[in-house]
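1. Quick check, what structure comes out for this input:
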Amino acid sequence: MSYFSDVERDLVVAERTDLADGVVALDLVAHNGRDLPAWTPGSHVDLILGPGLERQYSLCGDAEDRTRWRVAVLRETAGRGGSMRVHDEVVVGQRLRVRGPRNHFAFEPAPGMRYRFVAGGIGITPIRGMVRAAEAAGADWTLDYAGRSRSTMAFATALTEAFGDRVHVHAADEGGRLDVAGFAAGLEETDAVYVCGPARLIQALESAVPEGRLHVERFEAKEFGAPVWPEPFEVELATSGEIVTVAPEQSVLEAIEEQAPDTLVLSSCRRGTCGTCEVAVLEGEVEHRDSVLTPLEQEGDTIMMICVSRAACPRLVLDL
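-> Presented below is the predicted three-dimensional model:
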């Protein structure tokens, strides 16, 4: 189940904490001291860091604490500039524009209350809240946490101290690489697997874990080949009645911005990983090219991410 809010608010950086090598946490509070909206494990927010610079970060604090939201940011020197801005420029007392929270990676009840969590690197951020929720519910759970070294793995020490041998840390510099095949072989029929991490880790688990039991959040966009409908197609905007033509080299989002600029469409990552540009589909067949929706959510073509997904037919009608 997905949940999203498009509300934007200015929050104050109350604390800034170095969690691990290259990972900094920001604690965000309301400037007037009021409680912030509730959130559920798996939620993320958009940090609006400047014109054209919006980035998504998972909420990784205590969901019961309504006074603050916490995000943890990995410094990515080869990234697109968002994490560098956070690490180099954001200071305590500064106001940040924040949108959300959204949740396309919801933690849901599993048969038998059995959960197997897997995190790779900064992928621990959405998983941490799920671990807390599973523990509070009295569930049977374990966490396999993989990274380069313990010094780079945020929350590793706190998790092992709090939960003991339920947490398995796989530090590569200690020879502790995660054995995905062995992990999958040890699963029981009622185990639900939640994973967030690098693409190679997710791909390995997708190959090893039976379909329907794996719940995934991706930080990196999936790769797709040529579109199934290689010709231009029309998109009707149901509210205004405007019709835009999407060229083969354009996204639906780009076509709307160019040809119907008065239409309000939110977007952020423009890579199909955040869910900000989700739009209801009223008519037509969709080629889903996002990295957010589950196969079940894609069935029926009722919603699409217009920054990457396309028509699989000559015409779409969108609820815009």
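
2. what comes up buried for the longest helix along the chain?
-> Ranked by number of residues, the top helix in the chain under DSSP state H is helix 124-136. Buried residues in helix 124-136, counted by 16 or more other CB atoms under 10 Å: 124, 125, 126, 127, 128, 129, 130, 131, 132, 133, 134. All C-beta spots, glycine's among them, are computed from the backbone N, C-alpha and C.

3. With only the CA atoms kept, save it in PDB.
-> The C-alpha coordinates for helix 124-136 follow below in PDB (Å, rounded to 0.1, in the frame of the first residue of the first chain):
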ATOM      1  CA  ILE A 124      19.500   0.800   6.400                       C
ATOM      2  CA  THR A 125      17.600   4.000   6.700                       C
ATOM      3  CA  PRO A 126      14.100   2.800   5.800                       C
ATOM      4  CA  ILE A 127      14.800  -0.600   7.300                       C
ATOM      5  CA  ARG A 128      15.600   0.700  10.700                       C
ATOM      6  CA  GLY A 129      12.000   1.900  11.300                       C
ATOM      7  CA  MET A 130      10.700  -1.500  10.200                       C
ATOM      8  CA  VAL A 131      13.000  -3.300  12.700                       C
ATOM      9  CA  ARG A 132      11.600  -1.100  15.500                       C
ATOM     10  CA  ALA A 133       8.000  -1.800  14.400                       C
ATOM     11  CA  ALA A 134       8.600  -5.600  14.100                       C
ATOM     12  CA  GLU A 135      10.200  -5.600  17.600                       C
ATOM     13  CA  ALA A 136       7.300  -3.600  19.100                       C
END
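
4. packing partners for that helix?
-> strand 53-58, strand 114-120, strand 140-147, helix 156-163, strand 192-197 (3 or more CB pairs under 8 Å, 6 or more residues apart in numbering; DSSP states H and E).

5. Identify the residues contacting that helix?
-> 40-44, 57-63, 71-72, 105, 107, 113, 115, 117-119, 141, 143, 145, 153-156, 159, 163, 194-196, 217 (CB atoms under 8 Å, 6 or more residues apart in numbering).

6. Which single one of the buried residues of helix 124-136 is nearest to residue 243?
-> Among the buried residues of helix 124-136, residue 126 lies closest to residue 243 (CB to CB), at 38.9 Å.

7. Next, the buried residues of stretch 264-279.
-> 265, 267-279.

8. what would the residues you listed look like in JSON lines with distance to residue 299 and secondary structure?
-> Shown next, in JSON lines, are the buried residues of stretch 264-279 (distance: CB to CB, whole Å; DSSP: H, G, I helix; E, B strand; the rest coil):
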{"residue": "265", "distance to residue 299": "24", "secondary structure": "coil"}
{"residue": "267", "distance to residue 299": "24", "secondary structure": "coil"}
{"residue": "268", "distance to residue 299": "25", "secondary structure": "coil"}
{"residue": "269", "distance to residue 299": "23", "secondary structure": "coil"}
{"residue": "270", "distance to residue 299": "25", "secondary structure": "coil"}
{"residue": "271", "distance to residue 299": "23", "secondary structure": "coil"}
{"residue": "272", "distance to residue 299": "18", "secondary structure": "coil"}
{"residue": "273", "distance to residue 299": "20", "secondary structure": "coil"}
{"residue": "274", "distance to residue 299": "21", "secondary structure": "coil"}
{"residue": "275", "distance to residue 299": "17", "secondary structure": "coil"}
{"residue": "276", "distance to residue 299": "22", "secondary structure": "coil"}
{"residue": "277", "distance to residue 299": "20", "secondary structure": "coil"}
{"residue": "278", "distance to residue 299": "15", "secondary structure": "strand"}
{"residue": "279", "distance to residue 299": "17", "secondary structure": "strand"}
